[in-house]
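S.K.: one predicted model, sequence on top.
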Amino acid sequence: MNSTVSASEQWYIRRGEVIRGPFTEAKIAHYLLHGRIKKNDELSLDQQQWQFSSEFPQLLPLMFQDAADDAFQRQQLMARKQWEAQRELSAKEPRYQPLLTDACDDAVETVRLDEHEVVGALASGLGKKKPLNRLLVGLVIFSLLGAMAMMIYLNSPEPEVAGIDCTVSAAPKVNWSNCQMAAARLSNADLSGALMQNMNLSRADLRGSLLMGANLSFTNLSAALLNDADVRQAKLVGVNLSGADLEGAIFDGADLSYADLGGANLAGTRFNGAKLDKAIWRDGRICAEGSVGVCQ
């Protein structure tokens, strides 16, 4: 399989005999970032040809691709992972569907091994009484402790999602998380504040719908119709909107970090104050970190 990726492609993960998917590229990057895909797990675009995840370094955000192998830079990498995770996860919301949580065990073991190196560096640095050495050792220890805390947090059991009912009709604050509703007819529906994470709504008709404050993170909305939809203040982290018709839709204040907008129709679409960090724009560009309202 060619390891060159396309923004709108759907991915599958295989561990042993278990296959999960499909997932967007943004979601695969999310799992890689949090250590939930192990180096021996395999990825595929067609469930026929499989390659180890380590053969797709381009799926990780660029800031994590060039980390060196020495102990100090490994700790820097873990600290940056912690920072990235804290940006995306709200302390008030449960996380959904742990994928491959035992990968965190390996990460914690790696941190423990590196702890011996840090202790040695501490003894050496403080013995020489050099301010620069002490500062360096302090930074390493701070990074180590933060990384260990984050690994323990990510490895803890995630709370059950209560109240999911895929059979109820569209209504404000409905809980449809993980429901399969491809090609659903939901035009002019009021779904304000709804929980709609990790759904399959590909080709769904949501024209004129109200999605204010809804959570659609990691939902598949590829080729969906959202003309004139009101999506203000919604959470759409990692959502797949590739090929969707978003003409006239309002995304003011929404969080579209890591979203896939490849090939979407954005005629008259409004993004005032919307977060577009690392989102894939309609022309395939990756929006810069800190992009707000406009893909930079």
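M.R.: Great, that's in hand.
S.K.: low-confidence ranges, the stretch 1-150 of the chain, go.
M.R.: The stretch 1-150 of the chain contains residues with pLDDT under 70 at 1-8, 33-34, 57-134, 137, 149-150.
S.K.: repeat the analysis, applying 90 as the threshold.
M.R.: Counting by pLDDT under 90, the stretch 1-150 of the chain shows low-confidence ranges at 1-11, 15-18, 20-41, 43, 45-46, 48, 51-150.
S.K.: what segments of the protein are helices?
M.R.: Along the chain, the stretches classed as helices by DSSP state H are 25-33, 71-88, 103-128, 131-155.
S.K.: run through the residues that contact residue 224.
M.R.: By CB atoms under 8 Å, 6 or more residues apart in numbering, the residues touching residue 224 are 201-206, 241, 244-245. (C-beta placed from N, C-alpha, C; glycine too.)
S.K.: what about 7 Å?
M.R.: 201-204, 206, 244 (CB atoms under 7 Å, 6 or more residues apart in numbering).
S.K.: by neighbour count, which of those wins?
M.R.: For the contacts of residue 224, the largest number of neighbours (other CB atoms under 10 Å) sits with residue 244, at 29 neighbours.
S.K.: was I right about that one contacting residue 226?
M.R.: Yes. Here residue 244 reaches residue 226: they are 6.1 Å apart, a contact under CB atoms under 7 Å.
S.K.: common neighbours of those two, please.
M.R.: With CB under 7 Å, 6+ apart, residue 244 and residue 226 have no common neighbours.
S.K.: show me how the record splits this structure into domains.
M.R.: Residue ranges for each domain of the chain read 10-59, 67-155, 162-296, as given by automatic domain parsing.
S.K.: ranking those by burial, who's on top?
M.R.: Each of these was assessed for mean neighbour count using mean count of other CB atoms under 10 Å. The highest is domain 162-296, with a mean of 21.
S.K.: average pLDDT across it?
M.R.: The pLDDT scores in domain 162-296 average 97.
S.K.: start at 195, not 1
M.R.: In the new count, where the first residue is 195, that last one comes out as domain 356-490.
S.K.: give me the nearest residue to residue 248, chain neighbours excluded.
M.R.: In space, and not counting its chain neighbours, residue 248 is closest to residue 233: 4.9 Å by CB to CB, 6 or more residues apart in numbering.
S.K.: which residues are contacting stretch 362-371?
M.R.: Here stretch 362-371 makes contact (CB under 7 Å, 6+ apart) with 290, 355, 357-360, 380, 383-393.
S.K.: swap in 8 Å and give it another go.
M.R.: With CB under 8 Å, 6+ apart, stretch 362-371 has contacts from 290, 355-360, 380, 383-393.
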